[in-house]
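1. Just the structure for this:
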Amino acid sequence: TPYQPGPGLGGHCIPIDPFYLTWKAKEYGINTRFIELAGEINHYMPHWVVQKTADALNDHGKAVKGSRILVLGLAYKKNIDDSRESPAVEIMELLHGKGALVDYADPHIPCFPKKRDYHFDLKSIELSPENIASYDCLVLATDHDSFDYEQLLNQARLVIDTRGRLPRQANVVSA
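-> Numbering: from 1, shown residues only. Purely as a prediction, here's the structure:
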């Protein structure tokens, strides 16, 4: 089975259900440290992506603060319109907290949805060549099939690829 980690877990069950199992196992005196450790690692992944983004921007002579960053994909997995527990949203929040000017592009989510912990008054950006080129960095958080990856490679100054979708080249950083 191939293992392809991404920017974190999302959705309504996988991020939560293992912790129910942990809670239930404790009732029977069973240690589930592996589940808890996996949860810690998965919870940290958006921070990892933001650090990789900051390092990549720095390598290109830019600070995160004041950089224009476009997060590609708001949904928690490709080709759906569900952003529940999406790591992309936390990545946006962390980048915004570091002073980045953050937008997103997601063909399945035209307006940023109302969320309990995150408040962005944003609409999805059209991925025209001009728009792509206007950002200091793109963060590929969700690899929707409808994205034109050739266009992204040709127009973007810098792409942080959290899904392993893009070939390695000078303007692509794997995260």
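2. Just the helices from this structure, written as ranges.
-> Listed in chain order, the helices of the chain (DSSP state H) span 17-27, 33-59, 87-97, 129-133, 149-155.
3. Report all helices and strands that the longest one contacts.
-> With contacts defined as 3 or more C-beta pairs under 8 Å, 6 or more residues apart in numbering; DSSP states H and E, the packing partners of helix 33-59 are helix 17-27, helix 87-97, strand 137-140, strand 159-161. Where you see a C-beta, it was placed from the backbone N, CA and C, and this is true even at glycine.
4. May I have the residues that are in contact with the closest residue to Thr53 other than its chain neighbours?
-> Excluding the flanking residues, the one nearest Thr53 by C-beta to C-beta, 6 or more residues apart in numbering is Ile160, at 5.0 Å. Going by C-beta atoms under 8 Å, 6 or more residues apart in numbering, Ile160 touches 49, 52-53, 56, 137-140, 173, 175.
5. what distance separates the worst-scoring helix or strand of the chain on mean pLDDT from the centre of its chain?
-> Using mean pLDDT, DSSP states H and E, helix 17-27 stands out as the lowest-scoring helix or strand of the chain, at a mean of 85. Centroid separation for helix 17-27 versus its chain: 27 Å, with C-alpha atoms, centre = their mean, to the nearest Å.
6. And the pLDDT at the residue nearest to Thr53?
-> pLDDT for Ile160: 98.
7. do Tyr28 as well
-> On the pLDDT scale, Tyr28 gets 93.
8. Next, work out how far apart it and Pro113 are.
-> For Tyr28, the distance to Pro113 (C-beta to C-beta, to the nearest Å) stands at 39 Å.
9. Who has more neighbours out of the two?
-> Using other C-beta atoms under 10 Å, the more surrounded residue of Tyr28 and Pro113 is Pro113, with 15 against 6.
10. ok, and the closest non-adjacent residue to that one?
-> Ser83 (5.9 Å).
11. what about Asn79, neighbour count?
-> Asn79: 13 neighbours (other C-beta under 10 Å).
12. and it, what does it touch?
-> Per C-beta under 8 Å, 6+ apart, neighbours of Asn79: 108, 144-146.
13. hang on, the earlier thing: what does the least confident helix or strand of the chain contact?
-> With C-beta under 8 Å, 6+ apart as the test, helix 17-27 has contacts from 31-32, 35-36, 38-39.
14. Asp145 - how many residues pack around it?
-> When neighbours are counted by other C-beta under 10 Å, Asp145 registers 8.
15. Next one: the residue lying closest to it once chain neighbours are set aside from Asp106, what distance?
-> Excluding the flanking residues, the one nearest Asp145 by C-beta to C-beta, 6+ apart is Asn79, at 5.7 Å. Distance, Asn79 to Asp106, by C-beta to C-beta: 11 Å.
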